[in-house]
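Colleague: Only the shape, not the letters, is given here:
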């Protein structure tokens, strides 16, 4: 009699569990990151005079633009490719821990905003592997969220959100982005 | 005795469950969306005469192309950057609920097909946040599926599939895409 | 009495389970792929003389570059759009099973490295649907890992890692990439 009640309880428990596992995307998932990291990266755009130091260059531009000066109308249409040093603090001259590689395209005439596709590539004792990012970067906002769309090596199958903040901006040649990475899927 | 049988049942249940949770990717997952939305976006390509209304511009082209007219050979090689209004219906003049920002590249000589990387950016009472997309867009197909690769804000960590349909096409200047978004991972 | 102990055990089990399901990203997940595939794709870059055979073309270049010859400084800044045949073996003349469509941008001055955004598009009896990729491709490494960021059709909601290997390289016109795809999320 007691055992029957116990087995009934187990049966109910089992039914409940099979429902919850059959629909894994229905659950409210925790929003606590499984990994958090902060990095800075430093972009020096080629302007015709700084080939030695430049870490990025304009490689596409609209009909009215050119490739040595960012175009008017909030740079709408300029495509910039970059290979920027990543540092742990906000000092351009700190030892890089990796490279930020990819591109951004200014995509709006009225205000500064860009679309980013890039990777953080690490090959040090601290981190090996890459983190891949994509998303819209409305530069006039103090913080902007983009997606971590995947990762390899130490960041195998990572997903999450990266919050970008413009940490410094000098003329139209140098800018520094603080990147707060929060991963919500870690393997 | 009865209790032993109950404990055995619990043990077996526990074993079964630990197996199923150890391999979360092996489960057959439900294909029922956790969120579905329909939007339209409107692309007006700069053609040398419509700077005021244009929402997109050619910023890369092959050696034989230029930046005011889409290239022959099915526009192969044209890179277009856009910042298009998103509406809830198919009327270009409806109040926009957000902006579709990013790029497409025509990537085939024989037929119209493109590769897309873009975001829907929302900042209204209805939706705040962004949805990020990537994928191939074989334009000659009535419907084309691309991936939702991430999201932020209201669409935090979203994944899914977006089905694109060309809803209108006028000359080589205006087109309107219907986008049926189905999310299968919601947080 | 016995039943009470059983119910206590069930309660403890339930507590344990609700903790583990409330934090699905905390689990150690299996790294055994749910699907593995090997493909080759073949890229023939337009060089001004091979319009008939070329499967890719330079569509963006830095200020010092042009669109018929890959630029010096490890092609830094060249943006290439491609529509390449995919084959099951390493023979360019084998019957294609799909097309690799998208772009790469050489993003570093010191060594060959690129950023890739592309899709495998299948429409055969064997496979229907697409696999979307993004990531950094440091070409000088024997193997390079990029992310599978999504999929459609037969590859609905796929996630994983693709390992690229340069299988052949002839001058600066032809190269062949072996792509080992390992999916770790299958639906």
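Modeller: That came through fine. Note that the coordinates shown come from a computational prediction; the quantities given were computed from them, not determined experimentally.
Colleague: Mind telling me what element the most centrally placed residue in chain A is part of?
Modeller: Taking CA atoms, centre = their mean, the centroid of chain A lies closest to residue A:133, which sits 4.0 Å from it. Element membership of residue A:133, judged by DSSP states H and E, is strand A:128-137.
Colleague: Can you read off the pLDDT for residue A:142?
Modeller: Here, the pLDDT recorded for residue A:142 equals 93.
Colleague: can you tell me how far it sits from chain C?
Modeller: Taken as CB to the nearest CB, to the nearest Å, the spacing of residue A:142 relative to chain C amounts to 27 Å. From N, CA and C alone the C-beta is placed, and that goes for glycine too.
Colleague: wouldn't the residue nearest to the centre of chain A be in contact with residue A:116 here?
Modeller: Yes: taking contact to mean CB atoms under 8 Å, the distance of 6.4 Å between residue A:133 and residue A:116 places them in contact.
Colleague: what residues are shared contacts of those two?
Modeller: Each of A:102, A:146 lies in contact with both residue A:133 and residue A:116 under the rule CB atoms under 8 Å, 6 or more residues apart in numbering or on different chains.
Colleague: ok, back up a step: right, quick check: the strand holding residue A:133 against chain C, any contact?
Modeller: Yes: counting by CB under 8 Å from any CB of the partner chain, contacts between strand A:128-137 and chain C involve A:129, A:130, A:132, A:134.
Colleague: sorry, back to before: what confidence value was assigned to the residue nearest to the centre of chain A?
Modeller: Looking at residue A:133, its pLDDT reads 98.
Colleague: Show me which residues of stretch A:110-120 are buried.
Modeller: Of the residues in stretch A:110-120, those buried by neighbour count under the rule 16 or more other CB atoms under 10 Å in any protein chain shown are A:112, A:113, A:114, A:115, A:116, A:117, A:118, A:119, A:120.
Colleague: Please tell me how far that stretch is from the chain's geometric centre.
Modeller: Its chain's C-alpha centre lies 10 Å from the corresponding centre of stretch A:110-120 when counted by CA atoms, centre = their mean, to the nearest Å.
Colleague: Same check on stretch A:47-58?
Modeller: So, by CA atoms, centre = their mean, the centroid of stretch A:47-58 is 23 Å from its chain's centroid.
Colleague: Kindly report the same for stretch A:86-93.
Modeller: Its chain's C-alpha centre and that of stretch A:86-93 lie 17 Å apart, by CA atoms, centre = their mean.
Colleague: Ok, stretch A:81-93 next?
Modeller: Mean-position distance between stretch A:81-93 and its chain equals 14 Å (CA atoms, centre = their mean).
Colleague: ok, and does that stretch reach over to chain B?
Modeller: No: judged by CB under 8 Å from any CB, stretch A:81-93 and chain B are separated, with a smallest distance of 11.3 Å.
Colleague: quick revisit: keep only the residues of strand A:128-137 next to chain C that also lie close to chain B.
Modeller: Of the entries in those, those that also sit close to chain B under the rule CB under 8 Å from any CB are residue A:134.
Colleague: Just put the residues of strand A:128-137 next to chain C in TSV and tack on neighbour count.
Modeller: Formatted as TSV, the entries for the residues of strand A:128-137 next to chain C read as follows, by neighbours: other CB atoms under 10 Å in any protein chain shown:
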residue	neighbour count
A:129	18
A:130	29
A:132	30
A:134	27
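Colleague: For residue A:71, which non-adjacent residue is spatially closest?
Modeller: Closest residue in space to residue A:71, ignoring its immediate chain neighbours: residue A:65 at 3.6 Å, by CB to CB, 6 or more residues apart in numbering or on different chains.
Colleague: Correct me if wrong, but the one you found is in a strand.
Modeller: No: note on residue A:65: no strand contains this position according to DSSP: H, G, I helix; E, B strand; the rest coil, which reports coil.
Colleague: show me the contacts for it.
Modeller: Taking CB under 8 Å, 6+ apart as the criterion, residue A:65 is in contact with A:58, A:71, A:77, A:78, B:59.
Colleague: so who does the second one touch?
Modeller: Spelled out, it's residue A:71. Residues in contact with residue A:71, defined by CB under 8 Å, 6+ apart, are A:61, A:62, A:64, A:65, A:77, A:78, A:106.
Colleague: so what's the backbone phi/psi at the last one?
Modeller: Backbone torsions for residue A:106, taken as degrees, to the nearest 10, come to phi -70, psi 130.
Colleague: what does the third one give?
Modeller: Dihedral angles phi and psi of residue A:64 (degrees, to the nearest 10) take the values phi -90, psi 0.
Colleague: Run a quick neighbour tally on it.
Modeller: When neighbours are defined as other CB atoms under 10 Å in any protein chain shown, residue A:64 has 16 of them.
Colleague: Once you drop chain neighbours, what's closest to it?
Modeller: Spatially, and ignoring its direct neighbours in sequence, residue A:64 is nearest to residue A:71 (6.8 Å; CB to CB, 6+ apart).
Colleague: and the one you found, that's in a helix?
Modeller: No: Residue A:71 is assigned coil when assessed by three-state DSSP, not a helix.
Colleague: Tell me which residue in chain A sits closest to chain C.
Modeller: Among residues of chain A, the one nearest chain C by CB to the nearest CB turns out to be residue A:150. It sits 2.7 Å away.
Colleague: Quick check: beta-bridge partners of that residue?
Modeller: Beta-bridge partners recorded for residue A:150 (DSSP bridges): residue A:132.
Colleague: What is the burial count for it?
Modeller: The tally of other residues near residue A:150 (other CB under 10 Å) stands at 31.
Colleague: Then residue A:32?
Modeller: Should you count by other CB under 10 Å, residue A:32 turns out to have 11 residues around it.
Colleague: Please, where are all the helices along chain A?
Modeller: Using DSSP state H, the helices of chain A run over residues A:2-22.
Colleague: Skipping adjacent residues, who's closest to the residue in it that chain B sits nearest to in space?
Modeller: Scanning chain A for proximity to chain B using CB to the nearest CB identifies residue A:147 as nearest, at 2.6 Å. Beyond its immediate neighbours in the sequence, the residue positioned closest to residue A:147 (CB to CB, 6+ apart) is residue B:150, lying 2.6 Å away.
Colleague: Tell me who's in contact with the one you found.
Modeller: Contacts of residue B:150 by CB under 8 Å, 6+ apart are A:134-135, A:146-149, A:159, A:161, B:131-132, B:157-159.
Colleague: just the buried members of those residues?
Modeller: Neighbour-count burial (16+ other CB under 10 Å) is assigned, among those, to A:134-135, A:146-149, A:159, A:161, B:131-132, B:157-159.
Colleague: just curious, which of those is nearest to residue A:179?
Modeller: Top of the list for closeness to residue A:179, among the buried ones among the contacts of residue B:150 and by CB to CB, is residue A:146 at 9.0 Å.
Colleague: residues contacting that closest one?
Modeller: Taking CB under 8 Å, 6+ apart as the contact definition, residue A:146 lies against A:116, A:133, A:134, A:135, A:136, A:137, A:161, A:162, A:164, B:132, B:150, B:152.
Colleague: from memory the fifth one sits against residue B:122, does it?
Modeller: No: with contacts counted by CB under 8 Å, residue A:136 stays clear of residue B:122, the gap being 10.4 Å.
Colleague: Now the common contact residues for the two.
Modeller: With contacts taken as CB under 8 Å, 6+ apart, residue A:136 and residue B:122 have residue B:130 as neighbours in common.
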